[in-house]
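*Asks:* Give me the fold of what follows.
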Amino acid sequence: MSVASAAPRPACDADVVVVGAGAAGAATAYHLAARGWRVRILDAGSLPRPKPCGGGMAASVQRLFPFDLSPAVDRVITKVRFTWCLEDPVIAELPGEAPFWIVRRSRLDHLLAEQAVGCGADLLEATAVERITREGDHWRVHNSAGGWISCRAVVIADGARSAFGQPLGLGSPQPRYASAVAVEVDAEVLEPSTAHFEFGLVRHGFSWIFPRQGGLSIGVGSFIGREPLESEAVLARLLPSFGLPPDSGERRVSPLRVWDGHHRLHHDAGVLVVGDAASLVDPFLAEGLRPALLSGTRAAEALDRWLRGEAGALAGYSERMRSEWGQSMAWGRRIAQVFYRLPRVGYQLGVKRPTAPRRIAQILSGEMGYGDIAQRVIRRLMFNRSQS
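*Replies:* As a prediction, the model looks like this:
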């Protein structure tokens, strides 16, 4: 990687402050620090820390990093099992040797942050950010202890509940949240290489059951509509189907800030929003880690050019995320709106067709986008709806 220019810099405490040490923030910090920029990462918590996340991630993200991500990988998934109300199963073999991983978020975030620190970034833990202000030609990031850090640029990466982007005109002005509950259960894992997606039990959504070392990561999510998520009723049927008591595991509410349109992700004066704070979660299958790591990488590339004096580099970040992720998600949202309103029809026409499981598997692995299948799927679902 290239090293940052030795040209004189403004008298700031850092070139870039990254707000949040999750996957997106730590990825951004790593790529910037590896290019020689002075980076400080601020996080309200302390690493490693658990996060309510299923941990499903396309193995293709490895190409975004020159170091090995496997220390954070719990399981390698080679099959996906779909069911409707715990019956009518469909099995799909995933393409490639290691297309889909289950990672432990505490390990992944920590690994990325350690790599950033190893390249020279400063990690300030237990340091909550309260506000971000513009002072002349630089930014001030104010913390809860009353101090502040001056910097040339800021990356907003503090997750789904972030409120820093909207005042700066970044991301969705009214973020759309999917209702989700995450459950971690210690149990014997009978199918360690199989991920399970259950449609039918959840109104306007689905459940996912991912194997991990020593147990299962289970999620219940509803993606359209405003009805309360009846997660306990779902878990009362879902958990016993895996030989577990219905009250197994610790429940954690985990709102998902899903993609809801193309929005500006950059401020021309040097602020970018990445990961969940940028509303990048897949609105159909709830994938959040791949867009988090992709956005962190692309944000660092854009900031590297901008810090060197390339005026249009930040706008290029918004455009690149639109083309590399947003265009597929626009189709994914349309599929979700039709599929989850007609879930039984969607399962029959969108999952049970001979080619459908492999297509979904290819989307999960990052080999294919929703745009490659969307028009056929939507036409099929809408035609069936008009005939019913």
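*Asks:* which phi and psi does Asp122 have?
*Replies:* Main-chain dihedrals, Asp122, degrees, to the nearest 10: phi -100, psi 130.
*Asks:* check contacts around the closest residue to it other than its chain neighbours.
*Replies:* In space, and not counting its chain neighbours, Asp122 is closest to Arg40: 4.6 Å by Cβ to Cβ, 6 or more residues apart in numbering. Where C-beta positions appear, they are placed from N, C-alpha and C, glycine not excepted. For Arg40, the contact set (Cβ atoms under 8 Å, 6 or more residues apart in numbering) comprises Asp13, Ala14, Val16, Val17, Val18, Ala121, Asp122, Leu123, Leu124, Ile149, Cys151.
*Asks:* Taking the centroid of the chain, which residue is nearest it?
*Replies:* Gly288 (1.9 Å; Cα atoms, centre = their mean).
*Asks:* ok, now which ones touch that one?
*Replies:* With Cβ under 8 Å, 6+ apart, Gly288 has these contacts: Cys53, Leu256, Gly275, Asp276, Leu280, Val281, Asp282.
*Asks:* how near is the closest residue to the fifth one other than its chain neighbours to Ile156?
*Replies:* So that's Leu280. Among residues not flanking Leu280 along the chain, Pro291 sits closest, at 3.8 Å (Cβ to Cβ, 6+ apart). According to Cβ to Cβ, to the nearest Å, Pro291 and Ile156 sit 15 Å apart.
*Asks:* What ranges does the stretch 101-250 of the chain have for its helices?
*Replies:* With DSSP state H, counting those that start in this stretch as the criterion, the stretch 101-250 of the chain has helices at 105-118, 231-241.
*Asks:* so where's this structure uncertain?
*Replies:* 1-10, 95-98, 225, 374-388 (pLDDT under 70).
*Asks:* quick one, longest helix in it?
*Replies:* Identified as the longest helix of the chain according to DSSP state H is helix 289-307.
*Asks:* That helix packs against which elements?
*Replies:* strand 14-19, helix 23-34, strand 56-58, strand 148-156, strand 271-273, helix 313-321 (3 or more Cβ pairs under 8 Å, 6 or more residues apart in numbering; DSSP states H and E).
*Asks:* strand partners of the fourth one, parallel vs antiparallel please.
*Replies:* Think strand 148-156. strand 14-19 (parallel), strand 138-143 (antiparallel), strand 271-273 (parallel) (DSSP bridges).
*Asks:* Derive a ChimeraX selection command for the buried subset of the contacts of Arg40.
*Replies:* The buried subset of those, as determined by 16 or more other Cβ atoms under 10 Å, is captured in ChimeraX by this line:
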select :13,14,16,17,18,121,122,123,149,151
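*Asks:* quick one: which of the contacts of Arg40 is nearest to Tyr317?
*Replies:* Proximity of those to Tyr317 was ranked by Cβ to Cβ; the top entry is Val16 with 13.3 Å.
*Asks:* Enumerate every residue touching the closest one.
*Replies:* 29, 32, 37-40, 151-155, 303, 307.
*Asks:* which of these lies closest to Ala356?
*Replies:* Using Cβ to Cβ, these come closest to Ala356 at Val155, 38.0 Å.
*Asks:* Out of Pro291 and Ile156, name the residue with the larger neighbour count.
*Replies:* For the pair Pro291 and Ile156, the greater number of neighbours falls to Ile156 (30 against 27), based on other Cβ atoms under 10 Å.
*Asks:* Would you mind confirming that the more buried one is in contact with Val19?
*Replies:* Yes: when contacts are counted by Cβ atoms under 8 Å, Ile156 is listed as touching Val19 (5.4 Å).
*Asks:* Now do the shared contacts for these two.
*Replies:* In contact with both Ile156 and Val19: Ile132, Phe164, using Cβ under 8 Å, 6+ apart.
*Asks:* For Ala187, which residues are in contact?
*Replies:* Counting by Cβ under 8 Å, 6+ apart, Ala187 has contacts Gly214, Gly215, Leu216, Phe242, Gly243, Leu244, Ser248.
*Asks:* change it to 10 Å
*Replies:* Contacts for Ala187 (Cβ atoms under 10 Å, 6 or more residues apart in numbering) come out as Pro211, Arg212, Gly214, Gly215, Leu216, Leu239, Phe242, Gly243, Leu244, Ser248, Gly249.
*Asks:* ok, so of those residues, who is nearest Gly25?
*Replies:* Nearest to Gly25 among the contacts of Ala187, with distances taken as Cβ to Cβ, is Arg212, at 23.2 Å.
*Asks:* any idea how far Gly54 is from the closest one?
*Replies:* Plainly put, Arg212 is 9 Å away from Gly54 if you go by Cβ to Cβ.
*Asks:* Which one's more surrounded, the two?
*Replies:* Here Arg212 and Gly54 are set side by side on neighbour count (other Cβ under 10 Å), and the busier one is Gly54, at 27 against 20.
*Asks:* State the three-state secondary structure for the more buried one.
*Replies:* coil (DSSP: H, G, I helix; E, B strand; the rest coil).
*Asks:* same question, Ile363
*Replies:* From three-state DSSP, the assignment for Ile363 is helix.
*Asks:* ok, it touching Ser328?
*Replies:* Yes: assessed by Cβ atoms under 10 Å, Ile363 is found in contact with Ser328 at 8.3 Å.
*Asks:* what touches both of the two?
*Replies:* Asp282, Gly369, Tyr370, Asp372.
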